[in-house]
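Participant: Here is a sequence with its predicted model. Questions after.
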Amino acid sequence: MELVVASAVGVLTAGGVYLILRLRAFPVILGLALLSYAVNVFLFATGRLAINAPPVLQKYGEAAYTDPLPQALVLTAIVISFGMTAVLVMIALGAYIEADDDRIDMTGDDEAAGKDSTA
Amino acid sequence: MMHWIIAPVVLPALLAPLIAFVMRHDIVLARAASFAGTLALVAISVGLTVLAADGATHVYELGDWPAPFGIVLVLDRLSALLVLLTSVLALIVLTHATATGWDARGRHFHALFQFQLMGICGAFLTGDAFNLFVFFEVLLIASYGLMIHGGGKVRLQAGLQYVVMNLAGSTLFLFALGTLYATTGTLNIADLAVKVREIPVEDAALIRVAAMLLMIVFAIKAALFPIQFWLPATYANAPAPVAALFAIMTKVGAYAIVRVHTVVFGPDVAALSGLPGTWLYPAAAVTLAIGAFGVLGARRLMPMLAFSVVASMGTLMLGVAAFTPWATTAALYYLIHSTFAAAALFLLADLVVARRPEGDRLSAAPATVQNGLFAALFFAGALGMAGMPPLSGFLGKLMLLDALRDPGPMVLGWVVILGGSLLIIVGLARAGSILFWKSTAVAAHIPPEEECEDDIRPEIRPAGPLQVAPTMAAVALLALLAAFAGPVTDYLENTSAQLFQPDDYIAAVLDAGEEG
């Protein structure tokens, strides 16, 4: 169980970092999505891994329960990363349509940039 | 319980959707609402600063849940000061954006502006690490919108880069918070401070990882080496009023380092043994050097100002990295100064660039209207940014030099601050003489037959009093900061004394539930 979760986080992070380093809009968006999955699983595991245990106690006598706080944190993180990905897709689309190029790094020489940005 | 503490978050949070949904077709109404809101924010933050000046730590429990379980907002001298700084800067920037018509060049400027204020004020006030993450996201998502306000190819590309950088930073923030929660079982800053101090040195590996991950996250926001590279492209291509507002965004990162790495991972924590300062100090020195060389090498005005922001962040973080009360006092003084200095220069640059046919490229061009006024304002702003007397930058740097005498690597700090100042002076002087002096010379040599082109060219209007007023206000604030350096420094000394005695903060937050 621990091995599966740990390697899942590791593989997702590695994939995410690799895709971000591609510096093209689409791979970078996918890479950021993978990274956010990785961090969600990681956050989930910070409350310790427990199987078949309720997060909220029905009565105080129950011994085994899983930490509910990380679940709340993951929920928040999912919502935020979902919204951020949507914004990112829109901006990337706008940049692609305007520039006809999906590179993330700005390689164009800054002489040309000067005229445009101050218009 | 006093409800005013949450007002700087609630007011913009209510105003922004109202502007976005009700007033989106009426720019006059949106401007009026945005102004009223920002003015009210200034009034509230003045009130909060007066309240916090008594030295007590005021705690606001959301939903009346006691501290380690619920989220708290904490008002102490530091957070009150920064909220005040934010609201005053916001008023200046809003006046400029409205007077120059920047807010009408795209949609939803005022709504995004208010959301941005909500995020910044929230980040300054919160006493919970996860809540800090949420407010970071709020201010970031608003800043994405503001950054690409007005559109254009280069701005969208720079915006995309900025968004990707910050999304990666947010992921890192979550990793840091996860590690922190796994080791301590809490995310309340006061409770973290207690738990971290209980961890024995031999079990401290994970908490060190968490502390350094958090520092990297905040360093991205504060634009420290080696993660400062996003800043010049972003600030140079953002709309100028937005770049002026972003002057406070880097300070959010600096604030978070000051707060978290004194209260939670302070120099007295055995598990860390001064690790943050060891890394922060050289990073800040390199940042300052990069900024100074950037100012010297820039070929356009806006990137040049962006690099001067990088340099000022380096200077500021040198003071923070020393982690002594006096150095923190100096750093906070410099923080106030550099915010207004950067804002003044960006706002002025907007006025000048809009009136030059050459855009913001640093090359001689025919003189624009009001050359003398702009030259004088640029001179004042550059004096402030470079740290020359009589403006507050000089006092700030002097205090920093004095504060850096004590701890070990003094030579490094002195060499970098003094050398960096020299390079920035040279860079700004070069820019000023190209923009304002050489331009006059070229204008004199224009052959008469070219004058007929004047009516073909778009008419260049002189800046009205309302357009120049915000820049003047920012410069005047620098002068006031220098004139009232005594009282301000007293306040800041009390602030850093409060920071380096986290016991009061911890007691106030954790005991608040028992009293209420």
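Facilitator: Received the coordinates, thanks. These numbers were taken from a predicted model, which means no experiment stands behind them. Numbering: from 1, shown residues only, chains lettered A, B, ... in the order given.
Participant: contacts, neighbours, all on C-alpha from now
Facilitator: Will do.
Participant: Tell me how far the host helix or strand of B:Ala497 lies from the chain's centre.
Facilitator: Taking DSSP states H and E as the criterion, B:Ala497 maps to helix B:485-499. Centroid separation for helix B:485-499 versus its chain: 19 Å, with CA atoms, centre = their mean, to the nearest Å.
Participant: So which bits of it are buried?
Facilitator: B:Ala485, B:Thr489, B:Tyr491, B:Leu492, B:Glu493, B:Asn494, B:Thr495, B:Ser496, B:Ala497, B:Gln498, B:Leu499 (16 or more other CA atoms under 10 Å in any protein chain shown).
Participant: How about stretch B:103-114?
Facilitator: Along stretch B:103-114, these residues count as buried under the neighbour rule (16+ other CA under 10 Å): B:Asp103, B:Ala104, B:Arg107, B:His108, B:Phe109, B:His110, B:Ala111, B:Leu112, B:Phe113, B:Gln114.
Participant: what would those look like in a markdown table with secondary structure?
Facilitator: Below are those laid out as a markdown table (DSSP: H, G, I helix; E, B strand; the rest coil):
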| residue | secondary structure |
| --- | --- |
| B:Asp103 | helix |
| B:Ala104 | helix |
| B:Arg107 | coil |
| B:His108 | coil |
| B:Phe109 | helix |
| B:His110 | helix |
| B:Ala111 | helix |
| B:Leu112 | helix |
| B:Phe113 | helix |
| B:Gln114 | helix |
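Participant: Point out the residues in chain B that sit beside chain A.
Facilitator: B:137, B:141, B:152-161, B:163-164, B:167-168, B:171, B:174-175, B:178-179, B:181-182, B:237, B:300, B:353-354, B:358-361 (CA under 8 Å from any CA of the partner chain).
Participant: Now the two most distant members of the buried residues of stretch B:103-114.
Facilitator: Using CA to CA, those reach their maximum pairwise distance at B:Ala104 and B:Gln114, which is 15.6 Å.
Participant: Tell me which residue of the stretch 201-350 of chain B lies closest to chain A.
Facilitator: Going by CA to the nearest CA, chain A is nearest to B:Asn237 of the stretch 201-350 of chain B, at 5.9 Å.
Participant: Could you report the distance from B:Pro487 to chain A?
Facilitator: Distance, B:Pro487 to chain A, by CA to the nearest CA, to the nearest Å: 41 Å.
Participant: go on, B:Leu62?
Facilitator: Using CA to the nearest CA, B:Leu62 is found at 17 Å from chain A.
Participant: got it, and B:Leu412?
Facilitator: 33 Å.
Participant: returning to what we had before: may I have the helix holding B:Ala497 as CSV, with CA atoms only?
Facilitator: Taking Å, rounded to 0.1, in the frame of the first residue of the first chain, the C-alpha atoms of helix B:485-499 are listed here in CSV:
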residue,chain,number,x,y,z
ALA,B,485,11.9,58.3,9.7
GLY,B,486,12.1,58.6,13.5
PRO,B,487,8.5,57.7,14.3
VAL,B,488,8.4,55.1,11.5
THR,B,489,11.5,53.5,12.8
ASP,B,490,10.1,53.4,16.3
TYR,B,491,7.0,51.7,15.1
LEU,B,492,9.1,49.2,13.1
GLU,B,493,11.4,48.5,16.0
ASN,B,494,8.4,47.6,18.1
THR,B,495,7.2,45.4,15.1
SER,B,496,10.4,43.4,14.9
ALA,B,497,10.6,43.1,18.7
GLN,B,498,7.1,41.6,18.5
LEU,B,499,8.3,39.2,15.7
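Participant: Mind checking what helix or strand follows it in sequence?
Facilitator: helix B:502-515.
Participant: which helices and strands sit right next to that following helix?
Facilitator: With contacts taken as 3 or more CA pairs under 8 Å, 6 or more residues apart in numbering or on different chains; DSSP states H and E, helix B:502-515 sits against strand B:58-61, helix B:189-198.
Participant: hmm, 10 Å instead?
Facilitator: With contacts taken as 3 or more CA pairs under 10 Å, 6 or more residues apart in numbering or on different chains; DSSP states H and E, helix B:502-515 sits against strand B:58-61, strand B:72-75, helix B:189-198, helix B:485-499.
Participant: That helix - what's its average pLDDT?
Facilitator: Averaged across helix B:502-515, pLDDT comes to 79.
Participant: And the contacts of that helix?
Facilitator: The contact list for helix B:502-515, computed with CA atoms under 10 Å, 6 or more residues apart in numbering or on different chains, reads B:1, B:55-61, B:64-68, B:70, B:72-76, B:127, B:188-194, B:259, B:262-264, B:266, B:498-499.
Participant: Now the buried members of those.
Facilitator: When neighbours are counted using 16+ other CA under 10 Å, these contain these buried positions: B:57-61, B:66-68, B:72-76, B:127, B:188-194, B:259, B:262-264, B:266, B:498-499.
Participant: residues in contact with the closest residue to B:Tyr491 other than its chain neighbours?
Facilitator: Leaving aside its sequence neighbours, B:Tyr491 sits nearest to B:Ala53 (CA to CA, 6 or more residues apart in numbering or on different chains; 7.7 Å). Taking CA under 10 Å, 6+ apart, we find B:Ala53 in contact with B:Gly47, B:Asp76, B:Arg77, B:Leu78, B:Ala80, B:Leu81, B:Tyr491, B:Asn494, B:Thr495.
Participant: Need the max-distance pair from those residues.
Facilitator: B:Gly47 and B:Asn494 (18.1 Å).
Participant: Near residue 17, how many other residues are there?
Facilitator: I'll assume chain A. When neighbours are defined as other CA atoms under 10 Å in any protein chain shown, A:Val17 has 17 of them.
Participant: Sorry, I should have been clearer: chain B.
Facilitator: Around B:Pro17 there are 16 residues (other CA under 10 Å).
Participant: Quick check: it touching B:Met23?
Facilitator: Yes. Contact criterion CA atoms under 10 Å: B:Pro17 and B:Met23 qualify, at 9.3 Å.
Participant: Give the intersection of the neighbour lists for these two.
Facilitator: Common neighbours of B:Pro17 and B:Met23 (CA under 10 Å, 6+ apart) are B:Ala111.
Participant: Between the buried residues of helix B:485-499, which sits nearest A:Met90?
Facilitator: B:Leu499 (41.8 Å).
Participant: so what's that closest one up against?
Facilitator: B:76-78, B:258-263, B:266, B:325, B:328, B:493, B:505.
Participant: how would you label B:Ala67: helix, strand or coil?
Facilitator: When classified by three-state DSSP, B:Ala67 comes out as coil.
Participant: How about the backbone phi and psi for it?
Facilitator: Backbone geometry at B:Ala67, expressed as degrees, to the nearest 10, gives phi -50, psi -60.
Participant: from memory B:Leu187 sits against B:Leu174, does it?
Facilitator: No. B:Leu187 is not in contact with B:Leu174 according to CA under 10 Å; the separation is 11.8 Å.
Participant: Now do the shared contacts for the two.
Facilitator: Common neighbours of B:Leu187 and B:Leu174, using CA under 10 Å, 6+ apart, are B:Phe130, B:Leu180.
Participant: Briefly note if the longest helix belonging to chain A comes near chain B.
Facilitator: Determined from DSSP state H, the single longest helix within chain A is helix A:68-99. Yes. Helix A:68-99 is in contact with chain B by CA under 10 Å from any CA of the partner chain, via A:69-70, A:73-74, A:76-77, A:80-81, A:83-85, A:87-99.
Participant: Show me what that helix is packed up against.
Facilitator: Under the contact criterion of 3+ CA pairs under 10 Å, 6+ apart, helix A:68-99 touches helix A:25-45, helix B:129-147, helix B:153-184.
Participant: quick revisit: dump the contacts of B:Ala53 into a markdown table; add distance to B:Leu345 and pLDDT as well.
Facilitator: A markdown table is the format used below for the contacts of B:Ala53 (distance: CA to CA, whole Å; pLDDT from 0 to 100):
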| residue | distance to B:Leu345 | pLDDT |
| --- | --- | --- |
| B:Gly47 | 29 | 93 |
| B:Asp76 | 30 | 90 |
| B:Arg77 | 28 | 91 |
| B:Leu78 | 26 | 93 |
| B:Ala80 | 25 | 93 |
| B:Leu81 | 22 | 94 |
| B:Tyr491 | 27 | 93 |
| B:Asn494 | 30 | 91 |
| B:Thr495 | 28 | 91 |
